[in-house]
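K.L.:
Model the following, please.
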Amino acid sequence: MKIKSIAVSKKKGTRKECVEQATLLKEHGIEGDAHAGPWHRQVSFLAMESIEKAKAAGLTVDFGDFAENIATEGIDWPNIPLGSRFKLGESVLVEVTQIGKECHKKCAIYYQAGDCIMPREGVFARVLEGGIIRREDPVVALGKSPASD
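P.N.:
Numbers count the residues shown, from 1 in each chain. Okay, the predicted model is just below:
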């Protein structure tokens, strides 16, 4: 399991630009990203395999196009239990807070890509410990938080 891409944007509802590394701030999210802040959806995750599946279905998409912050390889995000914790790179610790999301209106991503898989396959987390992450960093599953049972 590893990080395949990291992406950020200044505005919500838009595709994100890929970067080689990012700084995650405790209880905030990715520094400089529009979705960061003091709430439960500080960082978004999507499986690289979900993006590949969208490509195979004929969509012209790539990393960041679904407004995901972090695309990973080897994690089936929609089937991860709430409260699960993951270590990213050397020091970042995140906890899954939401699986999928409700979209109240079709955003720019839907119109540009023809579909948006984040409501079905995206996962959101809060940052428990900050640090720097880079593309190809390992992702380690740490199990569920004791408080989430």
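
K.L.:
Excluding covalently adjacent residues, which one is nearest to Leu128?
P.N.:
Leu93 (4.4 Å; C-beta to C-beta, 6 or more residues apart in numbering). (Each C-beta comes from the backbone N, C-alpha and C, glycine too.)

K.L.:
Contact partners for that neighbour?
P.N.:
Arg85, Phe86, Lys87, Val127, Leu128, Glu129, Leu142 (C-beta atoms under 8 Å, 6 or more residues apart in numbering).

K.L.:
What segments of this structure are helices?
P.N.:
Secondary structure of the chain, counting by DSSP state H: helices at 48-56, 108-113, 118-121.

K.L.:
Does Phe63 touch Cys18 like I think?
P.N.:
Yes - using C-beta atoms under 8 Å, Phe63 is in contact with Cys18, at 5.4 Å.

K.L.:
For the residue nearest to Leu128, name its beta-bridge partners.
P.N.:
Leu93 has these beta-bridge partners by DSSP bridges: Lys87, Glu129.

K.L.:
Can you give me the distance of it to Ile80?
P.N.:
Distance, Leu93 to Ile80, by C-beta to C-beta, to the nearest Å: 15 Å.

K.L.:
same check, this time on Gly64
P.N.:
In terms of C-beta to C-beta, Gly64 sits 21 Å off from Ile80.

K.L.:
quick one, which of those two is more surrounded?
P.N.:
Gly64 (23 against 17; other C-beta atoms under 10 Å).

K.L.:
For the closest residue to the more buried one other than its chain neighbours, give me the pLDDT.
P.N.:
The shortest distance from Gly64 to any non-neighbouring residue, by C-beta to C-beta, 6+ apart, is to Ala7 (3.4 Å). For Ala7, the model assigns a pLDDT of 97.

K.L.:
surely Ala141 meets Leu88?
P.N.:
No - distance between Ala141 and Leu88: 11.1 Å, which falls outside the contact criterion (C-beta under 8 Å).

K.L.:
quick one, which of the two is more surrounded?
P.N.:
Neighbours were counted for Ala141 and for Leu88 using other C-beta under 10 Å; Leu88 has more, 28 against 12.

K.L.:
With just CA atoms, put stretch 125-144 into CSV.
P.N.:
Taking Å, rounded to 0.1, in the frame of the first residue of the first chain, the C-alpha atoms of stretch 125-144 are listed here in CSV:
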residue,chain,number,x,y,z
ALA,A,125,-10.2,11.6,7.2
ARG,A,126,-9.0,14.0,9.8
VAL,A,127,-5.3,14.5,10.6
LEU,A,128,-4.3,13.3,14.0
GLU,A,129,-0.6,13.9,13.6
GLY,A,130,1.0,16.1,10.9
GLY,A,131,4.1,15.9,8.8
ILE,A,132,5.3,15.7,5.2
ILE,A,133,4.1,13.1,2.7
ARG,A,134,5.6,12.3,-0.7
ARG,A,135,4.5,10.3,-3.7
GLU,A,136,5.4,6.6,-3.3
ASP,A,137,5.4,6.9,0.5
PRO,A,138,4.1,3.8,2.3
VAL,A,139,0.6,3.7,3.8
VAL,A,140,0.2,1.4,6.8
ALA,A,141,-3.1,0.3,8.3
LEU,A,142,-3.1,0.7,12.0
GLY,A,143,-6.6,-0.6,12.8
LYS,A,144,-9.5,1.2,14.4
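
K.L.:
Right, I'll call it a day here.
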